[in-house]
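Asker: Sequence first, predicted model second:
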Amino acid sequence: MRIETLAVHAGHTPDLTTGAVTPAIQLSSTFERDPDGGYRAGHVYTRTSNPNRAAIEQVLAQLEGGSVAVAYASGSAATLAVFQALRPGDHVVAPTDAYFGTLRQLREIFAPWGLEADVVDMTDLESVRRALRPTTKIVWVETPSNPLVRVVDIAQLAELAHSVGARCVVDNTWATPVLQRPLHEGADLVMHSTTKYLGGHSDLLGGALVSRANDDFVERLLLMQKLGGAVPSPFDCWLLLRGIRTLPWRMRAHCDNAARVASFLSTHRGVDAVHYPGLESHPGHAIARRQMSGFGGMLSVQVRGGRDEALALTYRLTLFTRATSLGGTESLIEHRASVEGPVTLAPENLLRISVGLEHPDDLIDDLRAALDT
Ligand SMILES: *Cc1c(COP(=O)(O)O)cnc(C)c1O
């Protein structure tokens, strides 16, 4: 089945008792035990399972082509669960341009627990190979990445991971399963911040892991979910499922709009550089072309001048909201360097843009007016 159909139909069954076509939000924290000692739908207590959460786990597993999905309260909680499933002395290789919260977890939470980590430039496969150790358990991959929208080869990185018996985990938040299927490229686990495109409306917080195999590592991830309790609320799960139903069509529009905005910006004299994998000048363009079915809705732009010129531009825009995050219907713009602080890799004149679902001509008019002022 094609992904548009899957997104609409996965986990979709009208309610047996009411006939309701749209699922209810099951707010109950607890479920009745039957006289035979069992539970009629298998749910006991909402921390361990809930109908709304079960629905999104089923849908996410199908969208990524995995065998099982485990949902968490945020993308960060999902990332945390992966590292918590490891043991002291285990080793992780992560990219220099991973989501900054991922790197902070490794440094500030897991280093004191004895988890070892090397952070390397993953566009250079040789430096990944050199970082691998017999104790490497995870090669963490993020593509396209923040804030330079760099693209790396999942298949090659998965092969490197497997050469030392490590798992390849891909943060697929920016691409979504519509544009990129890491499990098909050889990765073992996909991580999502469902807060972003999957939810799609900037109104929920969630995360998920999708595994290719239903193995002992998944058992550990489920343990973190059920015993740790960092689970999404039934309402957030319901909103997420509602968002996923339109995901393939939203991604198409995000890609079209971002391509239009990127090509406009790349010809403007007020711009030093545009980072968008759809541009032929982008260093990861060839990999993106092979690995992705579209180039996504995220881009970054380096404004001629410096930090002050970049920040001033954001105040002249009327359609781009100055806010962090991405993947919603509205376009967002953000000065990453001041958000990430001194550890940032973002150039001072860089603005990151989440291109929304407005008409691209309106977005371009707004950018042109702000750049020409
Ligand atoms: C937002 C984001 C995260 C963190 O997810 P939260 O839901 O905010 O905890 C991780 N990775 C990427 C690529 C993200 O964009």
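Answerer: On my side now, so go ahead. Numbers count the residues shown, from 1 in each chain.
Asker: From here on, just use CA atoms for contacts and neighbour counts.
Answerer: Will do.
Asker: Stretch 85-99: end-to-end distance?
Answerer: 20 Å (Cα to Cα, to the nearest Å).
Asker: Quick one: mean pLDDT for the top helix by length along the chain?
Answerer: For the chain, the helix reaching the highest residue count under DSSP state H is reported as helix 247-266. Across helix 247-266, pLDDT averages out at 98.
Asker: go on, stretch 140-157?
Answerer: Per-region confidence: stretch 140-157 scores 97 on mean pLDDT.
Asker: one step back: quick one: distance of the longest helix of the chain to the chain centre.
Answerer: Centroid separation between helix 247-266 and its chain, computed with Cα atoms, centre = their mean, to the nearest Å, is 17 Å.
Asker: So which bits of the helix or strand of the chain with the lowest mean pLDDT are buried?
Answerer: Lowest by mean pLDDT, DSSP states H and E among the helices and strands of the chain is helix 336-340, with a mean of 91. Going by neighbour count (16 or more other Cα atoms under 10 Å), the buried part of helix 336-340 is 336-337.
Asker: near the ligand, anything from that helix?
Answerer: No - using Cα under 6 Å from any ligand atom, helix 336-340 stays clear of the ligand, with a minimum separation of 12.3 Å.
Asker: Could you measure from the residue nearest to residue 244 when sequence neighbours are not counted over to the ligand?
Answerer: Closest residue to residue 244 apart from its sequence neighbours, by Cα to Cα, 6 or more residues apart in numbering: residue 198 at 5.5 Å. Look at residue 198 and the ligand: by Cα to the nearest ligand atom, to the nearest Å, they are 11 Å apart.
Asker: Surely residue 198 is in contact with residue 242?
Answerer: No - the pair residue 198 / residue 242 is not scored as a contact, 9.4 Å apart, by Cα atoms under 8 Å.
Asker: quick check: mean pLDDT across whatever helix or strand residue 290 lives in?
Answerer: Applying DSSP states H and E as the criterion places residue 290 in helix 285-291. In this model, helix 285-291 carries a mean pLDDT of 98.
Asker: what about the helix or strand following it and the ligand, any contact?
Answerer: Scanning forward in sequence from helix 285-291 by DSSP H and E, the next helix or strand is strand 298-303. No - Strand 298-303 lies out of reach of the ligand by Cα under 6 Å from any ligand atom, never closer than 10.3 Å.
Asker: ok, and what's touching strand 298-303?
Answerer: 147-149, 174, 258, 262, 265, 270-276, 309-310, 326, 347, 349-355 (Cα atoms under 8 Å, 6 or more residues apart in numbering).
Asker: and the stretch 201-350 of the chain, which residues reach the ligand?
Answerer: So the stretch 201-350 of the chain meets the ligand at 205-207 (Cα under 6 Å from any ligand atom).
Asker: what's the spacing between the least confident helix or strand of the chain and its chain's center?
Answerer: Its chain's average C-alpha position is 19 Å from that of helix 336-340, according to Cα atoms, centre = their mean.
Asker: Run through who's touching that helix.
Answerer: 100, 147, 344-348, 350-352.
Asker: what does stretch 275-282 give?
Answerer: Residues contacting stretch 275-282 (Cα under 8 Å, 6+ apart): 148-151, 259, 262-263, 283-285, 288, 294-295, 298-301.
Asker: how does it look with 6 Å?
Answerer: Residues outside stretch 275-282 that contact it (Cα atoms under 6 Å, 6 or more residues apart in numbering) are 148, 285, 295, 299-300.
Asker: Repeat that for stretch 79-96.
Answerer: Contacts of stretch 79-96 (Cα under 6 Å, 6+ apart): 114-122, 135-140, 220, 224.
Asker: ok, now stretch 146-166?
Answerer: 123, 134, 136-139, 143-144, 167-168, 185-187, 275, 284.
Asker: Which ones among those residues map onto strands?
Answerer: Mapping the contacts of stretch 146-166 onto strands (DSSP state E) picks out 136-139, 167-168, 275.
Asker: Neighbour count and distance to residue 75 for those - can I get that in JSON lines?
Answerer: Shown next, in JSON lines, are those (neighbours: other Cα atoms under 10 Å; distance: Cα to Cα, whole Å):
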{"residue": "136", "neighbour count": "22", "distance to residue 75": "23"}
{"residue": "137", "neighbour count": "22", "distance to residue 75": "20"}
{"residue": "138", "neighbour count": "27", "distance to residue 75": "17"}
{"residue": "139", "neighbour count": "26", "distance to residue 75": "18"}
{"residue": "167", "neighbour count": "23", "distance to residue 75": "19"}
{"residue": "168", "neighbour count": "26", "distance to residue 75": "17"}
{"residue": "275", "neighbour count": "24", "distance to residue 75": "24"}
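Asker: and which of those is nearest to residue 191?
Answerer: residue 168 (10.7 Å; Cα to Cα).
Asker: Does the closest one have any beta-bridge partners, and if so which?
Answerer: Beta bridges link residue 168 to residue 139, judged by DSSP bridges.
Asker: show me what contacts it?
Answerer: Residue 168 neighbours (Cα under 6 Å, 6+ apart): 138-139, 158, 161, 187-188.
Asker: cool, residue 26 as well?
Answerer: Residue 26 neighbours (Cα under 6 Å, 6+ apart): none.
Asker: Could you measure from it over to the ligand?
Answerer: The value you get for residue 26 to the ligand, if Cα to the nearest ligand atom is used, is 22 Å.
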